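> could you look at this predicted model? Sequence included:
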Amino acid sequence: MTTKPSASRRNGPYALLGILCAAALVGALAGPTRPLAATPFTTTGHWVYNSVLAAVFHVDGGTANVDAQLPLHAEEGSRVLQGDTHGYVVGPGRITPFDKATLTPLGSRTAPSGEAPLGIEAVGGPYAVYRNAGKVVRLGDPAAVVAAGGAIGSPVVTADGTMWLHRTGVGSICTLARDGVELSGCPVSAPADHAGALTVLAGRPAFVDLFTSRLHTVDGGAFGEGRPLGASLSPNARPAAADLAGRVAILDPDRSSLLLVDPDARPVVPVRVALPPGDYDGPVSTGEAVVLVDRQRGAVLTYGPDGALRDEKPVKRGDGEPRLAKGEDERVYVEDSEGTQVLVVARHGAVQDVDVAGKRDPAPRTEVPDPRPDQQVALPGQPPAGRPDPVPGRTAPAVPAPTTPAPAPTTALPGAPTPTTPAPRPPE
């Protein structure tokens, strides 16, 4: 006996297709669904403070063009660090955050030290590091001022956002978690009376002992025995914070040389680059090239892992000194002392010159002075959900931002006031 299919079964596929189409239409009208968990942004490009024009500019690292600007009065010598949603103008006496989406300044707070900080843009940051004062200021979320208990060397940050720092004179090597508000601990120690500095080799922290000219790996709670670097180093030698294609790049200013060391080679024979006499800053590694700045001559130089010169460009020489900075986009940015010029160094070492002159609006807006220039404000963390993209200096991830903002961290920094002045529009 043959059973005749019912009407409902005959029409089943068509009904299912109709339901799917209706669901797709509803989804399109309702917009994308926001996930519950936040995904971190990757910051791109570089922000610079032009003290001549009293304005902050954003340089797109890929195009080497200026694509945003914000009138803002800050101290001479200020530098700009950026996080996911905010920028921070860090001067000798105060720190002024601003919203990158609306280009709105958010008041200011007093800097914890009068020394010029080391700026680090990395996962968990950005950070302003006051090495002599032994203080690490996380400008992002959660904002915090972390005391290291004494003077520190230049910290390094691994890919998971852990900051490693060396307490000079004591030898302790300590860590700060990407969301920590105090040191996590000091799992290992280098010899207390040995000069040295940290670097990251193959994604892991290591210590360059300048007294013994050996490289010690730092693996959890173990301080490695040490491998020879193949050359004697002076006490003023400086390694790059990250390796150069598996080589440790070390600037030895006392010997006017750049050493490129492969610690896994047998025997270890470093590549030695003889440098012209000068006053050098760096080295900073892109991963494929190493960057130096000759402040005496006013020149930016890049070298490959083989020691060959890849590019050289002039940088303006003013009353101050040019600054080197590595962005999260793996480019290196060199700015002159007044912020009127930025040199963009690509991963392979090519250098592009950017004239930071800004644009003149047809109807220039009048900057509203902050009535609370010295008010202590918190350094903002996560923005409210639903903020439009794109934001200069931020690359959105593949998934949208969460609907629920991250809870405010409990730190010693006071709460930030909500701006009451209308947000200025970014330039067209």
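Looks like it arrived, so ask away.
> tally of neighbours for N132?
14 (other CB atoms under 10 Å). For the C-beta atoms, the positions are set from N, CA and C on the backbone; glycine is no exception.
> check contacts around it.
S113, E115, A151 (CB atoms under 8 Å, 6 or more residues apart in numbering).
> closest to L198 among those?
Comparing the contacts of N132 against L198 with CB to CB places A151 closest, at 14.2 Å.
> which pLDDT does the model give that closest one?
Per-residue pLDDT puts A151 at 97.
> same question, E321
At E321, the model reports a pLDDT of 90.
> and it, how far from T340?
From E321 across to T340, the span is 14 Å (CB to CB, to the nearest Å).
> also S232?
For S232, the distance to T340 - CB to CB - is 41 Å.
> do D252 as well
For D252, the distance to T340 - CB to CB - is 32 Å.
> likewise for L118?
Taking CB to CB, one finds L118 at 23 Å from T340.
> do the same with D264
From D264 over to T340 the distance is 43 Å, taken as CB to CB.
> the more surrounded of these two?
When neighbours are counted by other CB under 10 Å, D264 and T340 differ, and T340 comes out ahead with 20 against 11.
> I'd say the more buried one and D355 touch.
Yes. Using CB atoms under 8 Å as the test, T340 is close enough to D355 to be in contact (7.4 Å).
> lowest-confidence helix or strand of the protein?
helix 12-30 (a mean of 38; mean pLDDT, DSSP states H and E).
> OK, contacts around P205?
By CB under 8 Å, 6+ apart, P205 lies in contact with V156, T158, W164, I173, L198, T199, T217, V218.
> endpoints of stretch 228-242, how far apart?
18 Å (CA to CA, to the nearest Å).
> what's the residue positioned nearest the centre of the chain sitting at in phi/psi?
Closest to where the C-alpha atoms of the chain average out (CA atoms, centre = their mean) is E121, at 1.3 Å. The phi/psi pair for E121 (degrees, to the nearest 10) reads phi -110, psi 110.
> which residue, other than its chain neighbours, is closest to it?
Closest residue to E121 apart from its sequence neighbours, by CB to CB, 6 or more residues apart in numbering: E328 at 5.3 Å.
> where does the one you found land on pLDDT?
Note for E328: predicted pLDDT of 94.
> these two touch, right, it and T44?
Yes. Applying CB under 8 Å, one finds E328 in contact with T44, separated by 7.2 Å.
> switch the contacts of N132 over to CSV; also include distance to T85, neighbour count and secondary structure.
Output for those, formatted as CSV (distance: CB to CB, whole Å; neighbours: other CB atoms under 10 Å; DSSP: H, G, I helix; E, B strand; the rest coil):
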residue, distance to T85, neighbour count, secondary structure
S113, 26, 18, coil
E115, 27, 14, coil
A151, 32, 15, coil
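> and which of these is nearest to G278?
Using CB to CB, E115 comes nearest to G278 of the contacts of N132, at 24.4 Å.
> need the contact list for that closest one.
Applying CB under 8 Å, 6+ apart, we find E115 in contact with Y130, R131, N132, A133.
> now it: how far from D355?
30 Å.
> kindly report the same for H216.
Relative to D355, and taking CB to CB, H216 is found at 44 Å.
> is R109 bridged to anything, and to what?
Beta-bridge pairing for R109 (DSSP bridges): I95.
> all strands of the stretch 251-400 of the chain, in order?
Under the criterion DSSP state E, counting those that start in this stretch, strands of the stretch 251-400 of the chain are mapped to 257-261, 271-274, 280-285, 290-294, 299-303, 309-314, 323-326, 332-335, 341-345, 351-355, 394-395.
> now the shortest one: average pLDDT?
What strand 394-395 shows for mean pLDDT is 44.
> swap in the third one?
Here strand 280-285 scores 98 as its mean pLDDT.
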